[in-house]
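Novice: attaching a predicted model along with its sequence, questions to come.
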Amino acid sequence: MRRGLSTAIAWLIALLTGLVSPSGIDSVSIFSGANMTGTRLTLRANESVADTQRGSIGSMNIPFTFVVVLYSEPYFSGSQTYASSGFNQFPAATMVVGSIRAVLVRDVFALARTNATDLLMLQFAYKTSFAQIVPVSVGQTVANLSTFLPWMLSAMDAPPGVVVEASRESHFQGVVFRWNNSITTDHVRSFRVRMADDDDTTAVLQTSKHHVALFRSTVVNIEPISMTAGQQVSSKAYLGALFDDISAVEVPRGYRFVAYDQPLFQGPIIATFEEGFYDAGYSSWQSFKVLNATLTAPQLVTTTNLSVMCKNGLTWRLPAGMTLAQMRPDNYPCEGLQIPDGLAVITYERPWCLGRFAVWTKSVDNLGDWTTRTRSMAVVTHVPTIANDNAIDDRWFVRLTYVFVVRYYRVGDVIPNVMDWVDVDSYQKTYGISIPPLVTLLLCDDFNFQGTCTAYTNASAITFVYATYKSYKVMWTAESTRTDTSSTSFVGCYSLSAFQWSPIFLQLGETIDMLEYPWSQSIDKVTVPSGLALVAFSGQHFTGECGAWVSNTVLTTRLWTSSTIQSLRVVAANDSTVVRCLMLPKGQPQANPAQPTTHPWIEASTKTTITIAIAAACGLVVILTIVIPLGLKQRNTKGSTSLNRVMITSVADYAMLQWRDIDLVRLDMPPLPLTNLVAIGASGAIYRASFLGQHVAVKTFTSLRPTHGDVQALIDEIAFMQSLQSSKIVTLEGAAWSQPWNLQAVLEYMDVGDLRHYLATTCRDAFAWPSKLECALSIVEALFYLHSQDKIHRDLKSRNVLLDSKKGTKLGDFGASKEVIYGDTLTANVGTFRWMAPEMLLFQPYTSAVDMYSFGVLLSELSTHHVPYMDMDAFSSDEGIARGVIHANLRPTFHEDSPDWFVVLAGHCMSNDPSERPTAVKVMYMLQAQIRQL
């Protein structure tokens, strides 16, 4: 160990000369400048610098086996800061330290241990080099490590006599493994600590699991996807950018995982995994399947059939009759085709072989614009008699260029789904843009032409666009001035799971005859334009049972007990298929059968077809009131055992609910019928309904089987709102329920909707500053009322501010609100990172000042009309924003026409020190004074 004067001299020489030997995996490199620049000092395991003479650090290169301990004072005294492998950048240009010690991960625990039986967790802040060591006492359970974000687990150390039981999935859903020593563990998402001699055998920790888990990342809030025996992915493109690479696979007993190097299970088998955990990168997989381990392992089958060769750096062999329903042009696009006689290839501009297409009957080395336009393709033996669509005409095309890649968007393109860069960790690409005269390009930041849409023309003073849009249209400029550019004719099918798979969009007459995993089990929400209907079938090629939707609906349960959606079709709402399918699905327990319109999906039954046909002449009401009870009776006859078991279990789950005193606001009526979904979020779904002849908003659950926690949370929110009496806060009209699982909060209806949507759909000139200031004043008046009652909102953002054409602005959504307990800390991921104060992000004690910070962020939205930070390339994810707010004093920007005093006020509200933020009453008086001067 280097000490004293010689240490300081060595440090200074290293900084001045930079003549330190290069580092490797067995040493740490410390640089004086950012981005691994400047002079460098190398330290091996257990080497240290006792006195740096106040030397400064700009960046470090730390192998994953090391931890660097930074002391604020010389000779290893003062406060300690840990650094481990990660982004290795410091928030400031340099960091001044007094002394440094480099130790191996396995040795750092001995330096930090203060309790002989504690488990120690080494955590690092996501995408930084900062680390911390957290003790976990014997008996504690951590069911979801994502609650520690932005801190992430790197390693654990269990002392002698202590056992850790862990799973690589949250809530112990994966295989449970045990250890009693130090371990580097990237994929742990839940664990508990107990003594080795404790014979506790909690049922939740069983190792008999019934799915294979595929891990995309070690980031704990990115859940793995699950596959059971018989499920398969014929092309990795189905998983899209959200699950591009698979970093690890966990196979439980009784299963086998098989992967191929080409789509459609072609080419050699490059991986066969049986029981175990396999930690590596497998980006070369193009298709894979899960089998029962008792079955004979699949063998490579060499086909003699004619096949097309798709050339893309790799070479894919596509046999006749095969379809690639999902392709990604940024991931092995088909650049050329080798087509034998007798075959043809059809390339489509949308997934699932939909939209405009081009036919290729001869080999071609370059597909031209279709290289980046192709989203699906089919190999056929019968060539359709259609005009080809594969010629480039500069008069028709918008060009977007990134490095050497050119994307061609053609006049007439109406693409509701762009998933090429929707990735939780992606950075924003910048595309150069070239638009021909008389053409308009419309880019929207949400699917299906929703959200904020921006129009670009040849006259636009812009040379590039960010790759953040999710849908687009290309039209003649003259046409764009005559039509509603944000209108849509597409039915949408969405996933609300942890991985929001690429939505499916279908127009009138379009079909998908064979859905594949994960889409066959991942449709959770449908959006249906007026006049259309989406029909779903339990069998491929439109066979089996059917169900239909004629309006926007959230699917809270599976359509059919024993099968999933296998094919889809969009028809007119008055089509006979819709009438035939207008029934509730079989096998699903309904909390309130007397209100069948709550879930307008439907299913056919052979015994009721004649009844439906006759009743159709009498109207839909007759169908719903006569046929559905018959269907329910049939279901109970066939599946009463299963149904009763589910309902009994549900009652037991709710036995421990704390109902508080919400009986005081209970309405003397059953739950309201819900037909018009307005919004869905993390805390529930909002519907528009009618109560006593007036529109009301109803908040309830997204599932027909809400958890105990879901019900308790809504009870708590109702009880919280029950005590509020302010004209600036949405009024609680009452609560309705017949069973815990159908509890409803009946709220005042605000006809304009939330502020986020209003800002996104309203140009800046139409929302003038006087109106914005009145809006801000109403919000801060609501905060003043809350804070005067010793309450905190904790989730203030534009989505939770509601507008009405007559009543003005009011504050709503109190699902995260609570009574003030001074010094309280955040115990879950309450709120949204973009609006959260630094102390909440750091899980530090907080006060009502967190609401004032969120108010400052909301002021930036009033200024720009954009979601905060959306213009900052370096902070494209919520985690990146949280890191910037904590370590780099990152704050949202304001539009240049904002009043100076307004920007200054917002800056004060967003002060890093909570004590420096103005109170609600102070801001209220300031806004009132400014409004009087207008």
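Specialist: In hand now; what should we look at? Bear in mind the structure is a predicted one, so any value in this text is a computation, not a measurement. Numbering: from 1, shown residues only.

Novice: can you confirm residue 850 is in a helix?
Specialist: Yes: the assignment for residue 850 (DSSP: H, G, I helix; E, B strand; the rest coil) places it in a helix.

Novice: what's the burial count for it?
Specialist: Using other CB atoms under 10 Å, residue 850 has 24 neighbouring residues. From N, CA and C alone the C-beta is placed, and that goes for glycine too.

Novice: what does residue 160 give?
Specialist: Neighbourhood size, residue 160 [other CB under 10 Å]: 9.

Novice: equivalent analysis for the one 5 residues further on, please.
Specialist: Around residue 165 there are 20 other residues, counting by other CB under 10 Å.

Novice: show residues contacting the helix or strand where it lies.
Specialist: Residue 165 belongs to strand 162-167 when assigned by DSSP states H and E. Outside of strand 162-167, the residues within contact range by CB atoms under 8 Å, 6 or more residues apart in numbering are 117, 119, 138, 156, 158, 173-180, 183, 185, 188-196, 198, 205.

Novice: which element follows it toward the C-terminus?
Specialist: strand 176-179.

Novice: counting contacts, what elements does that following strand pack onto?
Specialist: strand 162-167 (3 or more CB pairs under 8 Å, 6 or more residues apart in numbering; DSSP states H and E).

Novice: give me the domain ranges for this structure.
Specialist: With domains defined by automatic domain parsing, the chain comprises 4-112, 119-205, 212-292, 303-391, 392-487, 491-653, 754-934.

Novice: where among the ones you listed is the average confidence lowest?
Specialist: The minimum mean pLDDT among the domains of the chain belongs to domain 491-653 (a mean of 60).

Novice: for ChimeraX, what selects the buried ones among the contacts of strand 162-167?
Specialist: In ChimeraX, a selection of the buried entries from those looks like this (16 or more other CB atoms under 10 Å):
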select :117,119,138,156,158,173,174,175,176,177,183,185,188,189,190,191,192,193,194,205
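
Novice: now do the contacts for residue 803.
Specialist: Neighbouring residues of residue 803 by CB under 8 Å, 6+ apart: 750, 752-755, 758, 775, 809-810.

Novice: state the number of residues packed around the nearest residue to it once chain neighbours are set aside.
Specialist: Nearest residue to residue 803, sequence neighbours excluded (CB to CB, 6 or more residues apart in numbering): residue 752, at 3.8 Å. Residues contacting residue 752 under the criterion other CB under 10 Å number 16.

Novice: would you turn the domains of the chain into a markdown table with distance to residue 685?
Specialist: Compiled in a markdown table, the domains of the chain are given as follows (distance: least, CB to CB, whole Å):
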| stretch | distance to residue 685 |
| --- | --- |
| domain 4-112 | 38 |
| domain 119-205 | 23 |
| domain 212-292 | 22 |
| domain 303-391 | 28 |
| domain 392-487 | 18 |
| domain 491-653 | 6 |
| domain 754-934 | 12 |
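
Novice: which one of those domains lies closest to residue 732?
Specialist: domain 754-934 (9.1 Å; CB to CB).

Novice: any idea how far apart the tips of that closest one sit?
Specialist: Distance across domain 754-934, first residue to last, is 26 Å (CA to CA, to the nearest Å).

Novice: next: stretch 307-323.
Specialist: End-to-end span of stretch 307-323 (CA to CA): 12 Å.

Novice: from the chain's centroid, how far away is it?
Specialist: 33 Å (CA atoms, centre = their mean, to the nearest Å).

Novice: also stretch 341-358?
Specialist: On CA atoms, centre = their mean, the centre of stretch 341-358 falls 31 Å from that of its chain.

Novice: okay, how far is it across it, tip to tip?
Specialist: End-to-end span of stretch 341-358 (CA to CA): 18 Å.

Novice: repeat that for stretch 444-452.
Specialist: Distance across stretch 444-452, first residue to last, is 6 Å (CA to CA).

Novice: got the buried residues for that stretch?
Specialist: Neighbour count says stretch 444-452 has 444-445, 447-452 buried, by 16+ other CB under 10 Å.

Novice: over to stretch 723-735?
Specialist: For stretch 723-735, burial by neighbour count (16+ other CB under 10 Å) applies to 724, 726, 728-735.

Novice: filter those residues down to the ones in strands?
Specialist: Among the buried residues of stretch 723-735, the subset assigned to strands under DSSP state E consists of 732-735.

Novice: what two of these are the furthest from one another?
Specialist: 733 and 735 (8.7 Å).

Novice: who touches both of the two?
Specialist: Jointly contacting residue 733 and residue 735 under the rule CB under 8 Å, 6+ apart are 667, 746.

Novice: related to what we said a few turns ago, now the two most distant members of the buried residues of stretch 723-735.
Specialist: Within those, 728 and 735 form the most distant pair, 21.8 Å apart (CB to CB).

Novice: once you drop chain neighbours, what's closest to residue 326?
Specialist: Closest to residue 326 by CB to CB, 6+ apart is residue 237, at 4.0 Å.

Novice: you'd agree the one you found is up against residue 333?
Specialist: No: the pair residue 237 / residue 333 is not scored as a contact, 10.5 Å apart, by CB atoms under 8 Å.

Novice: overlap in contacts of the two?
Specialist: Common contacts of residue 237 and residue 333 (CB under 8 Å, 6+ apart): residue 327.

Novice: on the three-state scheme, the residue nearest to residue 326 is what?
Specialist: The assignment at residue 237 comes out as helix when based on three-state DSSP.

Novice: residue 776 now?
Specialist: Here residue 776 is recorded as helix under three-state DSSP.

Novice: count of neighbours near residue 541?
Specialist: For residue 541, the neighbour count with other CB under 10 Å is 11.

Novice: ok, now the one 4 residues further on?
Specialist: By the other CB under 10 Å criterion, the neighbourhood of residue 545 contains 19 residues.

Novice: which ones are touching the spatially closest residue to it that is not a sequence neighbour?
Specialist: Closest residue to residue 545 apart from its sequence neighbours, by CB to CB, 6+ apart: residue 538 at 4.4 Å. Going by CB under 8 Å, 6+ apart, residue 538 touches 544-546, 559-560, 563-566.

Novice: which members of those residues define the maximum pairwise distance?
Specialist: Pairwise distances across these (CB to CB) peak at 13.3 Å, for the pair 546 and 564.

Novice: between these two, which has more neighbouring residues?
Specialist: A count of neighbours by other CB under 10 Å puts residue 546 above the other of residue 546 and residue 564, at 27 against 16.

Novice: please, which helix or strand holds that one?
Specialist: Assigned by DSSP H and E, residue 546 belongs to strand 543-549.

Novice: does residue 773 count as helix, strand or coil?
Specialist: helix.

Novice: and residue 880, by the same measure?
Specialist: Recorded secondary structure, residue 880: helix (three-state DSSP).

Novice: and for residue 713, the neighbour number?
Specialist: The tally of other residues near residue 713 (other CB under 10 Å) stands at 17.

Novice: can I get the strand holding residue 546 in PDB, CA atoms only?
Specialist: The C-alpha coordinates for strand 543-549 follow below in PDB (Å, rounded to 0.1, in the frame of the first residue of the first chain):
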ATOM      1  CA  THR A 543     -62.600 -20.400 -37.000                       C
ATOM      2  CA  GLY A 544     -63.800 -21.400 -33.500                       C
ATOM      3  CA  GLU A 545     -65.500 -19.100 -31.100                       C
ATOM      4  CA  CYS A 546     -65.800 -15.400 -31.800                       C
ATOM      5  CA  GLY A 547     -66.000 -12.100 -30.000                       C
ATOM      6  CA  ALA A 548     -66.500  -8.500 -31.200                       C
ATOM      7  CA  TRP A 549     -66.000  -4.900 -30.100                       C
END
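
Novice: which strands border that strand, and is each parallel or antiparallel?
Specialist: Strand pairing for strand 543-549, using DSSP bridges, gives strand 532-539 (antiparallel).

Novice: now residue 112: phi and psi?
Specialist: phi -100, psi -10 (degrees, to the nearest 10).
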